[in-house]
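# the following comprises the amino acid sequence and a computationally predicted model.
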Amino acid sequence: MNAQELWKRYQRTLCQVASVGVSLDVSRMAFDDADLERMKPALDRAFAAMDELEKGAIANPDENRMVGHYWLRAPELAPTSDLTDEIARTLAAAVDFAAQVHSGAIKPQRKPRFTRMLSIGIGGSALGPMFVADALGGPGIDKLQPHFIDNTDPDGIAREVARLGANLDETLVVVMSKSGGTPETRNGMLVIAEAYRAAGLDFAKHAAAVTGDGSKLDQAAVKEGWLARFPMWDWVGGRTSETSAVGLVPGLLQGLDMTALLEGAADMDKATRAHDAAKNPAALLALMWFLATDGKGRKDMVVLPYKDRLLLFSRYLQQLVMESLGKRLDLDGNRVDQGISVYGNKGSTDQHAYVQQLRDGVNNFFLTFVRVLEDGGDGVEVEPGATPGDYLHGFLLGTREALFANDRQSVTITVTRVDARTVGALIALFERAVGLYASLVNVNAYHQPGVEAGKKAAAEVLAIQDKAASALSATPHTADQIAAAVGAPEAAEAVYLVLEHLAANGRARVTPGEHPGATTFQAP
Ligand SMILES: O=P(O)(O)OC[C@H]1O[C@H](O)[C@H](O)[C@@H](O)[C@@H]1O
């Protein structure tokens, strides 16, 4: 296709959502009108399924749950007035809580005001808030400086505590977990609570919870009299929870315009309810994913926003796309091994890292460029007539054309600026694209059965560790001997690995042998 033909194709296929200043350019994807025609019946079924879901159908059949994240930004669409009220009440409570924290009406135990916020959560209870905090916040904007703990890594937690340093006594901790029982989050909370105790502070006077009603976390918050509790509902999935209290509470505390984020999401929702793919960017995106990957995930999605503020977008999308679509079985129980792999950081930075392979190497991906029109910054010229922003934009268009010239497909999402409305719109765009694509490939986007296997196995490892550690004595023993002694001879490898770890942390003594089987362990 020559430049003239591409220009025509661009104009013919561009899909614009004027209300939020977002457009989707699919001209650099390999498809024609016949493809769209062929996909129409499947897409119509996907639209119908989405309509049902929005009306409150059980869209997550094996967990027997409704899927209601769209109601969070249009509560009047919730299937019952109770739900409508609850959504509105929660938003009002979060707005009120943040206002009281900012005014000092709610204040820490010893200081006149909170100045920091530490959010503890993982997965869906971290990735959206982290993305939004980084995209929209910064010096001069943040009313509370945001910090995050999203792991059970003691060193990572200690580093965050060190960053808070002497400001711990003016830090508001928000513990977020839908289930209220996620070990990583619980561990982070316990270590942080201990840091407050060590500083002579009452953790409860610095803590708020976002969690399911009656969960373990909720019970702890009630029992200890935390500052506030906000609900997570079973009809909101973790990875689609940015417009629930999970996103609203930390965002509002940081001082971000979460109302505008909700409006942007609501406007994108309106545009993506259209049953005409040419006018519906979520449907067009889902179609492009299907055509690019043969509906089987045969190509990876590389996400390249040309804007530092959108760096965490690809990490956020990784969970949204891969946890939703990465499924072994389809809705009829057939083995399908579905999914689309997502990775990426930002342009033009990645140009100097892996774009070499994208341009010249294995052609197993399609790109999603995110193009931001307004530069921000101060527009200093680095050459006559050219600013750093002109370079950034030039690199985007240049890279895209160089890749296209070598048969590398891409979609380009253009936004006017990175603000709360746009970020809300981008989140809503991908949420719906994932939902529609899941229908096209007939998988349940709203469960994550595969995650449980790893959690179960980890619990078994900790049980083995417990037994192996109590079996240690002054006499050196090999992993095989210890495994046999605790009645789990088949677990010798696990015994070896956990004891190697305990020894590295001064909780066992190790005498290395010529090979792991000859290595012996003793009590420390
Ligand atoms: O919010 P939580 O219940 O703590 O869950 C946090 C995360 O944990 C799980 O492993 C799920 O796979 C994720 O979907 C979820 O977002």
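Good, I have the coordinates.
# would you list the phi and psi of the nearest residue to V415 once chain neighbours are set aside?
Spatial nearest neighbour of V415, excluding adjacent residues (CB to CB, 6 or more residues apart in numbering): T422 at 4.7 Å. The C-beta positions use only the backbone N, C-alpha and C, and glycine is treated the same way. Main-chain dihedrals, T422, degrees, to the nearest 10: phi -70, psi -40.
# now for T422: which residues touch it?
V20, G21, V22, G264, V415, T416 (CB atoms under 8 Å, 6 or more residues apart in numbering).
# for the ligand, state which of these is nearest.
G264 (22.5 Å; CB to the nearest ligand atom).
# and the contacts of the helix or strand hosting that closest one?
Following DSSP states H and E, one finds G264 within helix 258-271. Helix 258-271 is contacted from outside by 17, 19-20, 22, 70, 72-74, 91, 94-95, 132, 136, 243, 247-248, 251-252, 279-282, 419-429, 432, using CB under 8 Å, 6+ apart.
# among those, name the ones in helices.
Among the contacts of helix 258-271, the residues falling in helices (DSSP state H) are 91, 94-95, 132, 136, 247-248, 251-252, 281-282, 420-429, 432.
# what does the protein put close to the ligand?
Residues of the chain lying close to the ligand by CB under 6 Å from any ligand atom are 122-125, 177-179, 182, 185, 238-239, 323, 448, 451.
# show me which of those residues are buried.
The neighbour-count test (16 or more other CB atoms under 10 Å) applied to those identifies I122, G123, G124, S125, S177, K178, T182, T185, G238, R239, E323, Q448 as buried.
# which SS state does the nearest residue to the fourth one once chain neighbours are set aside fall under?
Pointing back at S125 there. The spatially closest residue to S125, leaving aside those adjacent along the chain, is M176, at 4.1 Å (CB to CB, 6+ apart). Using DSSP: H, G, I helix; E, B strand; the rest coil, the structure places M176 in strand.
# let's see the PyMOL selection covering just the buried ones among the ones in helices among the contacts of helix 258-271.
Buried members of the ones in helices among the contacts of helix 258-271, defined by 16+ other CB under 10 Å, are picked up in PyMOL with:
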select buried, resi 91+94+132+136+247+248+251+252+281+282+420+421+422+423+424+425+426+427+428+429+432
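# contacts only, for the residue in the stretch 401-524 of the chain positioned nearest to the ligand.
Using CB to the nearest ligand atom, the single residue of the stretch 401-524 of the chain nearest to the ligand is V451, 3.8 Å away. Counting by CB under 8 Å, 6+ apart, V451 touches E323.
# flag every buried residue along the helix or strand it falls within.
Assessed by DSSP H and E, V451 sits inside helix 449-471. Buried residues in helix 449-471, counted by 16+ other CB under 10 Å: I464, Q465, K467, A468, A469, A471.
# residue of the stretch 151-300 of the chain with the smallest distance to the ligand?
For the stretch 151-300 of the chain, CB to the nearest ligand atom, closest residue to the ligand: G238, 2.6 Å.
# how close does that residue get to Y316?
Distance, G238 to Y316, using CB to CB, to the nearest Å: 12 Å.
# so E374 sits in a strand?
No - using three-state DSSP, the assignment for E374 is coil, not a strand.
# quickly note the distance from the closest residue to it other than its chain neighbours to V17.
Once flanking residues are discounted, E374 sits nearest to R417: 4.1 Å by CB to CB, 6+ apart. The spacing between R417 and V17, counted by CB to CB, is 14 Å.
# these two: which is more packed in?
Higher neighbour count among R417 and V17: V17, with 23 against 14, using other CB atoms under 10 Å.
# without its sequence neighbours, what residue ends up closest to the more buried one?
In space, V17 is closest to A271, 4.3 Å off (CB to CB, 6+ apart).
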